[in-house]
Each structure stands twice: as structure tokens, then as C-alpha cells.
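Enquirer: Show me how the following folds:
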Amino acid sequence: MRNMAEPGAAEITPRPASGRVFESGRRVRLADVDPTSRCRLDALVRHLQDVARDDSADSSLSNPNSWVVRRTMLEIRQPPTFEEWLDLATWCSGFGGRWAERRTELRGDQGAHVEGCTVWVYVDRETGRPAKLPPDFFDIWGETAGDRQISARSTLPSKWPDDAHDDEWPVRFGDLDVLGHVNNAAQWVAVEEALEKSGQAKFPVRAELEHGPGVEPETDVRLRWSTIDGGIDTWLTTDGVAGSVARVRPL
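Expert: Okay, here's the model as predicted:
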């Protein structure tokens, strides 16, 4: 066993030679793309979220849907485009006491190529608090996870610079999920907005987003963003606190 946990969702690890790898496919639809036909970040993350849920539901894990996203990192080497067929493969690539890292590989029939990793926290469905991974988790995903231990700690700055742009960000009813807060994929819409406003929507990129206390309805939600190093940093704040933080940089 390794003595030190690695930062979660910070490294693109290789596909394992053996163990459980779940595969699925889907097509990029009209609601997924921007005016240039590029699959938006929020839609791309939704595809990753859906294949993760499908794997969990198919796995026979006890309480398979008791997961919430903590951090996502994407290397978008070539973005998917409208009507492109996508093949996705996903597997567990590490674990902690109450969370696990999931790697996902996406390839399209028109050349799309995205590598992603996400830290998912396992939660108690009644209390909503992090819970220990159940023993059957390791029966299902232990081979691909190996002994690679990862942390769920934050790596992006929760404070924004004084000169950051400060825009209103109304929360729409359609942004809310079954938990009553802004869905993790919907929070990437703010990153898309900042990319367009800054003129930094240029690919390929490495994109990261960390979820903090969440973005709640009926609060003062604002989008703060800054351009830096050829990319952007964003903060989606709720009542003056960063509910999520994102970073996009050229690859």
C-alpha cells in the first residue's frame, strides 16, 4: 500500500489491462452543442456522469446511486461535434475511505478524443453525509483500482482576485436536480459563459472543476471570472462563497 494519497482527478492514468471496464455509446444531439457545433462542456460532463451512473447501476453495488461529484478534470484533445457517435469506456482508477476516482475515455467516429477523471464521494442516502465504501465496492472495482489511494481535497483557489469580472448568474428551475441544488453538470454552463466572454474558447484544453458547498436556489449567485495564462479561472459564488471553482488552460 502507498503511504501517501495522490490528489484525486489530477492525472490521466492508463486504461487497465484487466478488471471491470464498462462500455457504452451515445450520439451528440442538438441540445448538446454550441453555435459552432462543438459539444459544450456541460453536455460533455453530462455524458460522463450518465455512463458513470449506468456502470454503477449495472454493477450490483449496494446503494449504487449514492454518489456525488467532488472534482472533475478533463483533457479535451478534440471536442465532439454535432451528431458524432461517441464510444465511452469507464473504470475505477483509485479510492479513498469515502470516495473513489473514476476514469473515462471518450472516442468519437469523427475524431473526438476526451480523457476524463472524476472524484465521486459515496454518501449515506438518509443523512447525505460521506459514508465508508462498502465491502462489495472492492469486489467489483478493486482490480482496476489496485492499491492507488487518492484524496478528495481541493486544489483550486476558493478566492477570486479583486479585479475579477463579476456577473449576475440567475439560477433557473431547469438547473436543479433531484437533490434540489444546481446539478454538477449545469455548473459547467458558467464556465462556457466565461470562455465565450473572455474569447478563450480555444481547444484543445485541460478543464477542471471542483464542487464546494454547492450552488443553491434563492441565494445571491454570481459568476466571477478572470483570464490568466491563456485560459480562465471561474468562481460560481452563492452569497459570497465559492460554490464551485473551475480552471481551463490550453493543453
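
Enquirer: Mind giving me the packing neighbours of the longest helix seen in the chain?
Expert: Identified as the longest helix of the chain according to DSSP state H is helix 41-58. Judged by 3 or more Cβ pairs under 8 Å, 6 or more residues apart in numbering; DSSP states H and E, helix 41-58 is in contact with strand 22-27, strand 67-78, strand 85-95, strand 99-108, strand 113-122, helix 188-198. To be clear about C-beta, it is placed using only N, CA and C from the backbone, and glycine gets the same treatment.

Enquirer: List the buried residues of it.
Expert: 41-49, 51-52, 55-56 (16 or more other Cβ atoms under 10 Å).

Enquirer: Of these, which is the nearest to residue 231?
Expert: Nearest to residue 231, judged by Cβ to Cβ, of those is residue 41 at 12.8 Å.

Enquirer: Next one: that closest one, what pLDDT does it get?
Expert: Per-residue pLDDT puts residue 41 at 98.

Enquirer: For it, which non-adjacent residue is closest in space?
Expert: Spatially, and ignoring its direct neighbours in sequence, residue 41 is nearest to residue 188 (4.3 Å; Cβ to Cβ, 6 or more residues apart in numbering).

Enquirer: unless I'm mixing things up, the one you found is touching residue 48, no?
Expert: No - using Cβ atoms under 8 Å, residue 188 makes no contact with residue 48, being 10.7 Å away.

Enquirer: thinking again about what came up before, need the helices and strands packed on helix 41-58 in CSV with mean neighbour count, can you?
Expert: Formatted as CSV, those follow (neighbours: other Cβ atoms under 10 Å):
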stretch, mean neighbour count
strand 22-27, 15
strand 67-78, 21
strand 85-95, 22
strand 99-108, 23
strand 113-122, 22
helix 188-198, 21
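
Enquirer: I'd like those as TSV, with distance to residue 148 and mean pLDDT appended.
Expert: Shown next, in TSV, are those (distance: least, Cβ to Cβ, whole Å; pLDDT from 0 to 100):
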stretch	distance to residue 148	mean pLDDT
strand 22-27	18	98
strand 67-78	15	97
strand 85-95	4	98
strand 99-108	8	98
strand 113-122	11	98
helix 188-198	26	97
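
Enquirer: Spit out the contact partners of the residue sitting nearest the centre point of the chain.
Expert: Nearest to the mean C-alpha position of the chain, by Cα atoms, centre = their mean, lies residue 72 at 3.2 Å. Applying Cβ atoms under 8 Å, 6 or more residues apart in numbering, we find residue 72 in contact with 9, 45, 48, 116-119, 184, 208-209.
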